[in-house]
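Colleague: please find the sequence and the predicted model below.
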Amino acid sequence: MAGGSIPAGPNVGYVDPDLGYFPVSFGTGTRSSLATVRTRSVYAYDTVTLAPQWDASFGANWTSYDASNTAYGTDGSTVSSDAEKKSVLTNGSVGLVYKPTENGRIYASISTASNPVGLSSTPSSGTTSSSSIDLDPETSTSYELGTKWSLFEDQLMLSANVFRTDKDNMRVLSDDGVNYDNVGKSRSKGIELGFAGQITEKWGVSGGYVYQDVVSVDGGSSANAIAVEGKQIAKIPKNSFSLWTTYAVNDQLTVGGGATYVDDRVASYNASGDAVAIVPDSWRVDLMASYRFTEDTSLQLNVNNVFDEHIYGDSHSTQHVYTEPGRNYALTLRHRF
């Protein structure tokens, strides 16, 4: 396993950072831990026609989730191997679809999901450590109401929905700064709009817009948790948008392009509930060209992030930040046998 140390450096910020600052040395160390996860799942789903204009769907899922963690000493010997968590998760879904016309659908659905201890390698996400091993799974209930319409003789598809997800039993750090409790609750609600179709026989478009308001309803009793209640959860943008279009120049050549927008978001909050840093919003433009030599063989060129924008994907305030690739190219040859 790789190890190393990162000395304190300048607070370069998100705008025009010094990308050359990386004074890190790496070395090889012994294995410190080994995590094992075993899952077994059974699920069923069915759709029933209640009447010519009404369909109902039902689903159920049963999952056995076993996670364990073995810790090792600096000499590679086993220190402990008793950190183990077994969870049995039962979830389901129910939906109803109304078809007022042949080209329109209105639907509603409710579904549940579970997030067990041991799902990832950090305590806050559910490691099998002493601080979270006895915690129950986090649970989510999602509600959705939407509609889909096919217009202009199936040349244009429009969709819209409103959604809400309540997450309960969230694992949050207790006041002692070590242990975790199942006391957190968050709520996500918003709207999603989408479209896809052909403006002409050769010109196609698709895209969508999402607004999501994701707030902490109950983050526990710590000062920081109370201060951020009702505020947008860190790292989640409120607005995002995408647009893509293609044009068939002839039977062989197709060109296209699109743009993606992601709103700014808070990197993290301090103990008073103030934003420590804001990850900037971003636009990304991509282009493509595809040439079909035969029915089975084609060559495609993609140019991603055409304007070489500095785009942040995720951030851990005061520690490090993930950035998306700058301008990059991909040439793909496809042949169907």
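Modeller: Arrived safely.

Colleague: let me know the pLDDT of residue 123.
Modeller: Looking at residue 123, its pLDDT reads 36.

Colleague: do the one 5 residues further on as well
Modeller: Residue-level confidence at residue 128 comes out at 46, pLDDT.

Colleague: what's the answer for residue 273, then?
Modeller: 82.

Colleague: could you pick out the longest strand of the protein?
Modeller: If you go by DSSP state E, the chain has its longest strand at strand 78-101.

Colleague: sheet-wise, list the partners of that one with their directions.
Modeller: Counting by DSSP bridges, the strands paired with strand 78-101 are strand 54-72 (antiparallel), strand 104-115 (antiparallel).

Colleague: mind putting these into TSV with mean pLDDT and mean neighbour count?
Modeller: Just so you know, the C-beta spots here come from the backbone N, C-alpha and C atoms, and that holds for glycine as well. Listed next are those as TSV, based on pLDDT from 0 to 100; neighbours: other C-beta atoms under 10 Å:
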stretch	mean pLDDT	mean neighbour count
strand 54-72	89	16
strand 104-115	96	16
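
Colleague: would you mind giving these as JSON lines with distance to residue 299 added?
Modeller: Shown next, in JSON lines, are those (distance: least, C-beta to C-beta, whole Å):
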{"stretch": "strand 54-72", "distance to residue 299": "42"}
{"stretch": "strand 104-115", "distance to residue 299": "38"}
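
Colleague: now name the helix or strand holding the closest residue to residue 205 other than its chain neighbours.
Modeller: Nearest residue to residue 205 in three dimensions, chain neighbours excluded: residue 245, at 4.7 Å (C-beta to C-beta, 6 or more residues apart in numbering). Assigned by DSSP states H and E, residue 245 belongs to strand 239-248.

Colleague: chain center to that strand, what's the gap?
Modeller: Averaged C-alpha coordinates place strand 239-248 at 20 Å from its chain's average position (C-alpha atoms, centre = their mean, to the nearest Å).

Colleague: which stretches of the stretch 151-300 of the chain have low pLDDT?
Modeller: 173, 175-179, 221, 223 (pLDDT under 70).

Colleague: strands of that one, start to end?
Modeller: Assigned by DSSP state E, counting those that start in this stretch, the stretch 151-300 of the chain shows strands spanning 156-173, 180-198, 203-218, 239-248, 253-262, 265-269, 275-279, 282-292, 297-304.

Colleague: may I see the buried residues of the third one?
Modeller: When you say that, I think you mean strand 203-218. 204-205, 207-212, 214-216, 218 (16 or more other C-beta atoms under 10 Å).

Colleague: what packs against it?
Modeller: Of the remaining helices and strands, those touching strand 203-218 by 3 or more C-beta pairs under 8 Å, 6 or more residues apart in numbering; DSSP states H and E are strand 180-198, strand 239-248.
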